[in-house]
Each structure stands twice: as structure tokens, then as C-alpha cells.
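Undergrad: Give me coordinates for this.
(chains A and B)
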Amino acid sequence: MQNISQFISNNLFHHKDLAGYFEPVMQVIKPAWRSGFFRSQVKGIRVLSENALKITLKPEKKWPIHTAGQHISLTIEQQGRLISRVFTIASGAKKLKETGLIDLVIRTHDKGNFTPYLGELAMNSWVNISEPMGEFIFDEQSNHTTFLAGGSGITPFIAMLDDLQENTQKHIHLLYYAKPNSHLMVDVLEKFLIRLPNFSFELLNRSQHGSFSKFVSIEHTDELLVCGPEEMYVEAEEFCKSRHIPFRAEHFQAIKPTKSLNEAARFTVKLNHGDLEVSNQDSLLSEFQSHNKPVMYGCGMGICHQCQCLKKKGIVRDIRDGSLSDNSEELIQLCVTQAVTDLELEL
Amino acid sequence: MKQINFEQLALQLDEVKQLTQARVGQDDANYIRKVIVWQRVFEWSGRILLMLGFWQPLLWVVGVLSLAIGKILDNMEIGHNVMHGQYDWMNDKFINSRAYEWDIACDGSSWNRVHNYEHHTYTNIIGKDRDFGYGLLRLSNDFRWRVKNLWQFITYVLLSVLFQWGVSYHEMAAERVFFGKKKDNRDNKVSHAELKKRFFSKGAKQLVKDYVIFPILAGPLFLWVFCGNLVANLLRNLWTSTIIFCGHFTEHVHTFTEEECKNESKGQWYYRQALGSSNLKGRKWFHILTGHLSFQIEHHLFPDLPAKRYPEIAPKVQQIFQQHGIHYNTGGFWRQYGSVLKRIIRYSFP
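TA: Down below sits the predicted model:
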């Protein structure tokens, strides 16, 4: 059936996707209806702290039920531009089944390209979400588990605890690192203390408490689950390997320019056919040409789009006006862009 | 080139672009989606009405017009502009220059190479911009007169009637894929085999769609639909070619030599775009149906700005041109079209 639809779409409508051909028409009836995405309605926005929001969404009925710990890609339209970010769902599957709702707890950044707009979403407006993704889920076999969370990395653990039965005999100890007084959803964690007899948690901060290693009880840890920034993940991996503790992790790293924009630097460009090291002083097109990479090009001044490619990850600078791109997927022209971070491109 | 403060010209035009770009956003995204919705409405109303021609021939006529408008919108306001990258910033999976393919015989990537790259980079540079006369028409003294130019008005009419096929064949003709000797200095971006494959594949899709599949779907009304599609395609061809000719080949359009464009500055590039194009005055609906190519000057200056923005920047551009003493070539449709015909006829002769 899918093949027939694709054949018709390609040959009659010049579209890779039949749904894509009708997408703008469908959007007249169903706002934010998009081929390859699920619609989801904004049902609540709550400010948790100065820089954290809880957004409650009602996914459309055909959205597959998630498993606690999984994440989704959230897409919003901001000034006509579709932008996406990945967030772990901060509520369990039980809540979805009972209420049809999921929660996202999101750390906001004033100068970000995405999170500042989330607070402006109107109630009952529509956004797009992907299907649930990821393998970071709770192991039912484990009797003594230690959760290690950093910052907004608390969200998958909230979902996991949310889904545990009240009479569970599992012992779970949560070590939650955040900046002083920045721990999120502490009230929810306190409610879990009452509901789950073998659950306990500690609120920690790096400056005062130091490394997590001294808080992990090795004899009472069958498995360590980690969700937090890159550094936490690296440290936890080393710790678990040296002590032979099973370990699973989900980590996140905000890609930011590591060097001053005027400072010469070299970055790695991951291509669909091998990697390449480029300088940030010249256009990507010149860099590609100097490495004899086969690349289509034309005017060399950003007009003809011959050297256009898809940037999957990383930040580039537009040579014409100095503006920096977003970190997410977008089309760029090699002749008028320079690398500002490591990049992943699809030529 | 004329003595003009090109540096100042570039700064002023860059500023117009930056200020406009800063305003581009939700309105533009909503607009292009709305045009796509209308395109679908016109196309499908047209296809349905064509089948009702047996019951009331007037409905067939309305159907043809509706389908032709659908095709014109697809080619001009949507296809041409989206494929210029005017809406790439939207990050939309379908409305972008990489994904969009239009409803004409010409393969999008071929058009991108010849039009988007050659024509927009080397606008009206004789020997570099193969769009100036398409290798078929002599439109200035830059070309040697040949006997075949005597009947170039007929060639022009035929080209207009078969315009989508002319556009489709343009790159192959220029690359001398089938006939003629390949030029030594030509740097082929794509192999001849690939060009042929794309030409035949896209062309066949268009023929099968309009003259086999949709007529067959109409069953006993095969001929009504077949003829309706034929006339709709003809109307679209005549309209697009006329608008494009009016944008490029009016009386006062200038040509340039490779020599005078060597080491060209940004300001000189703008100047060449300005003198290589001409505008048409008209109402809003007229501009939409031309894909805003009625603002050909603004389009050539800023080909990747959403075309719906051209009417708002045109007065500023005109004012800047005036300040620098650059002729702003604009006029009503009939006046500009008359001057195109005059040019075609004038250069038919030595």
C-alpha cells in the first residue's frame, strides 16, 4: 500500500510523500498536521522555577504509548520556522493511559533559540511530537537500583518512579545533582517518598558535595542509571567499569562554540562519506575544495543554492552577516558558511 | 560600466535586503501555505470540472481555466520561488529548494543549474548567460545575424507554445547533448547520460500524467480530459513565457560583455541585475500569477527573499536607483510586451 502511495505521489504529484502533497490543505482543517509527525495539544504550562517549565501535552490518540524513560522530539513553529528539540518525557505511561496527557519538564535558557518561546505557547494550541524513542528504560529485574540525575536529567526518573506500582519491593536511591536551590520537581519526589516504601533520594550539588561516587552504596546497587550532562556520564561510566556495576545512561550535551568566534580553530565535519577537518577561517566550500572533496557549487556568493547541503548537527556562521545558525537540522549553503563547532553534514 | 558609486549602491541595497529579511517570518510561511492550498483547490476543481464538460461545455471551459491557474501557481508563485530557496528558512520538509519538484516537463535540478546558477549569477553576460535568447533568438547586436533570424518571430511563437519543453531541453541544447559540437571551455556539472535520463524521465511522467492517466481515469470522457489538459498546459506555457520574456527582453534591457564584468564588485553585480531586468505594473492578483516576477528587478537583486516581499521593497529600490541615476525599467503589461515583440522583430534583421 505504501509503495502504491509512493508511486502515485512521485509520478503524479512530484512529491516523495503523498501526505506531504496534501499537508497544507490538511492544515486548514487540522492545525500543525504534518506528515511524519504526531499532533499534540498544549494543555498546560507551569513555571517551576525562574528557568524551568512544565508543559503538559495531549498527544493525538494514535500516538504510541511510551515507556518511562523514553524521549520525544518536540517541534514548534516560531515565526514561521519549524524548530525541534529532544526532551525526555517526565511522566509515566500510566498517566497517559489514565488522562491522555504527558509532561515535559524543560530547562529554559534566556538566549536560547527554542526554550524562550515555549512559555509563549497558547493553551490548546498545537505542536508536533515524534514517536517515543530511546532505550533508556527501567530494568524490571533489578532489585537495588541507584539513579544518578543531573539538572533536567531528573525527568526520565520521574517518569520511571511514576510508573512503579505502590506495593513495589524495589529499592531505589536517587542522587540528584543540580546547582544549589535549582533542583526540579522536589515536591513530586517527596510525594514518591510517601507512595513508594523503598524509595529515597538526596539533593546534592557539586560545589558542596563533590563527586557522586561516595554516595553510591556498591553493595546495594545492582545497576546504576545515569541521566545528566556529558561530564557526569563520563565520570559514571568510569566509576561503574572499575567497580563492575551494570550501567546505563542517557546524556546530553549542548553544542556551543568552544572558541571565541574570531579565534582560529579547526573542527571536524562528519560527512556521509567520511570525516574531514576544516578551519573556521574560510568558507566550508573552500575547505572542501582544498581537500579535493567532490562537491557541487555555483556562484560562490550564496545565490544559486548549488552547494546547498543538509546540516544535521552543529553551528555554522553566515559569512555575509555574521549570524550564527541554530544547532538543529537545516539547509545551508557551503559557499557562505563557516564552521563554528564540529558539524555533521549530508551532501 | 557607467560612473556610479557602486560601494554606496551595494550598501544601500544590502540594507534593504537586511531590513526585509528581518521582517520575514510567520506571515510569509502562512502566505506560501495559503498559495499551496489555493493551488490544490484550482488544480482539483479543474480536473473535476473537465469531466463535467459533457454535461455543460461551459463547465469544461471553467475547468480548463481552473487547471491552468493551478499549473501557473505551481510553476510561478510556488515552484519558481521555493526552488530559489526563498522559503528554506522555514525548515519545512516539503517547502524547500531541496525537496520541491514542480509540475512541468523540466527536471528541477536542471532548472536549478541553468536558471538558478547560470542565469542569476551571470545575468545578461553574453556567452555566459544562456538564457539571453535561449540560443534560439537574436535579441541584440551582440550576436551575429544569421538567415534563420529572419523567421525568429515564428520561432518565438513556437517556443512560447511549447515553453515547458523548451525549458526542459534548455540545458541539453546548451550542452549540445544531441546536436552540434561540444564547446571546449564548457565545464559540465552533470554527465550527458544523466541529463538525458532526467529529461526523458521527467518529460514522460508529465506526458503520462496529463495525457494517459487522468484521461483514462475519466473513462468515457477520455477526450474531454485529454483536450482539457492540453489546453491548460498551452495556457500555462503562453503565460509563463510571456511573463518571462517581459522580465528579460524588453527594449531597454542591457547586455554585458565578459570583459566588463571581470572582478566585478557587489555593487557592480547589483547594477548588472538592475539593468538586465524589467518590471510589470499590475494588480495584486496579476503579481501572484506571475510569481511576483512582475518585480523582476527586485527578484534579480534579491532572488532568495520571499517574492511576496517584492512589492513592499520596490519603491525603496526605485528610489535608490533614482539617486544613482540608474534606469528603473517598469511599465504596464501591454507596453512592456509590445517592446519585447519589437525587440524580437528588430533583431530579426541585420
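Undergrad: and B:Leu159, how many residues sit next to it?
TA: 19 (other CB atoms under 10 Å in any protein chain shown). The C-beta positions use only the backbone N, C-alpha and C, and glycine is treated the same way.
Undergrad: List the residues that contact it.
TA: Taking CB atoms under 8 Å, 6 or more residues apart in numbering or on different chains, we find B:Leu159 in contact with B:Tyr134, B:Leu136, B:Leu137, B:Gly166, B:Ser241.
Undergrad: and what of A:Ile315?
TA: For A:Ile315, the contact set (CB under 8 Å, 6+ apart) comprises A:Ile255, A:Lys256, A:Pro257, A:Leu324, A:Ser325, A:Asp326, A:Asn327, A:Val340, A:Thr341, A:Leu343.
Undergrad: please redo it, this time with the cut-off set to 6 Å
TA: A:Leu324, A:Ser325, A:Asn327, A:Val340, A:Thr341 (CB atoms under 6 Å, 6 or more residues apart in numbering or on different chains).
Undergrad: measure it to chain B for me?
TA: 15 Å (CB to the nearest CB, to the nearest Å).
Undergrad: thinking again about what came up before, of the contacts of A:Ile315, which is the nearest to chain B?
TA: The shortest gap between chain B and any of the contacts of A:Ile315 belongs to A:Ser325, at 10.5 Å (CB to the nearest CB).
Undergrad: Read off the pLDDT value for the closest one.
TA: Looking at A:Ser325, its pLDDT reads 89.
Undergrad: Distance check, it against A:Ile83.
TA: When distance is defined by CB to CB, to the nearest Å, A:Ser325 is 11 Å away from A:Ile83.
Undergrad: so what are the domain limits for chain A?
TA: Following the TED database, one finds the domains of chain A at A:1-129, A:144-250, A:266-346.
Undergrad: residues in chain B within reach of chain A, list them.
TA: Applying CB under 6 Å from any CB of the partner chain, one finds that chain B approaches chain A through B:25-26, B:28-29, B:33, B:36-37, B:40, B:85, B:88-91, B:94, B:97-98, B:101, B:116-117, B:120-121, B:205, B:209, B:303.
Undergrad: redo that, cut-off 7 Å
TA: Counting by CB under 7 Å from any CB of the partner chain, chain B comes close to chain A at B:18, B:25-26, B:28-29, B:33, B:36-37, B:40, B:85, B:88-94, B:96-99, B:101-103, B:112-113, B:116-117, B:120-121, B:189, B:205, B:209, B:213, B:303-304.
Undergrad: Now, of those, which are buried?
TA: B:25, B:28-29, B:33, B:36-37, B:40, B:85, B:88-94, B:96-99, B:101-103, B:112-113, B:116-117, B:120-121, B:189, B:205, B:209, B:213, B:303-304 (16 or more other CB atoms under 10 Å in any protein chain shown).
Undergrad: Next up, the contacts around B:Phe249.
TA: Residues in contact with B:Phe249 (CB atoms under 7 Å, 6 or more residues apart in numbering or on different chains) are B:Leu139, B:Val340, B:Arg343.
Undergrad: how does it look with 8 Å?
TA: B:Gly133, B:Leu139, B:Val340, B:Arg343, B:Ile344.
Undergrad: quick one on the thing from earlier: just the buried members of the contacts of A:Ile315?
TA: Using 16+ other CB under 10 Å as the burial test, those include A:Ser325, A:Asn327, A:Val340, A:Thr341 as buried.
Undergrad: picking that back up, just give me the closest of the contacts of A:Ile315 to B:Leu59.
TA: The closest of these to B:Leu59 turns out to be A:Ser325 (CB to CB; 50.8 Å).
Undergrad: Phi first, then psi, for the residue of the stretch 1-150 of chain B found nearest chain A.
TA: Residue of the stretch 1-150 of chain B nearest chain A, by CB to the nearest CB: B:Ala29 (3.0 Å). Backbone geometry at B:Ala29, expressed as degrees, to the nearest 10, gives phi -60, psi -40.
Undergrad: residues from the stretch 1-150 of chain A in reach of chain B?
TA: A:11-12, A:14-17, A:20-25, A:27-28, A:34-36, A:77, A:79-83 (CB under 8 Å from any CB of the partner chain).
Undergrad: again with the stretch 151-300 of chain A
TA: Residues of the stretch 151-300 of chain A found near chain B (CB under 8 Å from any CB) are A:Met296, A:Gly298, A:Cys299.
Undergrad: again, only using 10 Å
TA: For the stretch 151-300 of chain A, the contact set with chain B under CB under 10 Å from any CB of the partner chain comprises A:Met296, A:Tyr297, A:Gly298, A:Cys299, A:Gly300.
Undergrad: about what we covered before: how about the contacts of B:Leu159 in a markdown table, adding neighbour count?
TA: Formatted as a markdown table, the contacts of B:Leu159 follow (neighbours: other CB atoms under 10 Å in any protein chain shown):
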| residue | neighbour count |
| --- | --- |
| B:Tyr134 | 18 |
| B:Leu136 | 16 |
| B:Leu137 | 22 |
| B:Gly166 | 19 |
| B:Ser241 | 20 |
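Undergrad: For the nearest residue to B:Trp89 once chain neighbours are set aside, give its distance to A:Pro31.
TA: Leaving aside its sequence neighbours, B:Trp89 sits nearest to A:Arg81 (CB to CB, 6 or more residues apart in numbering or on different chains; 6.0 Å). For A:Arg81, the distance to A:Pro31 equals 16 Å [CB to CB].
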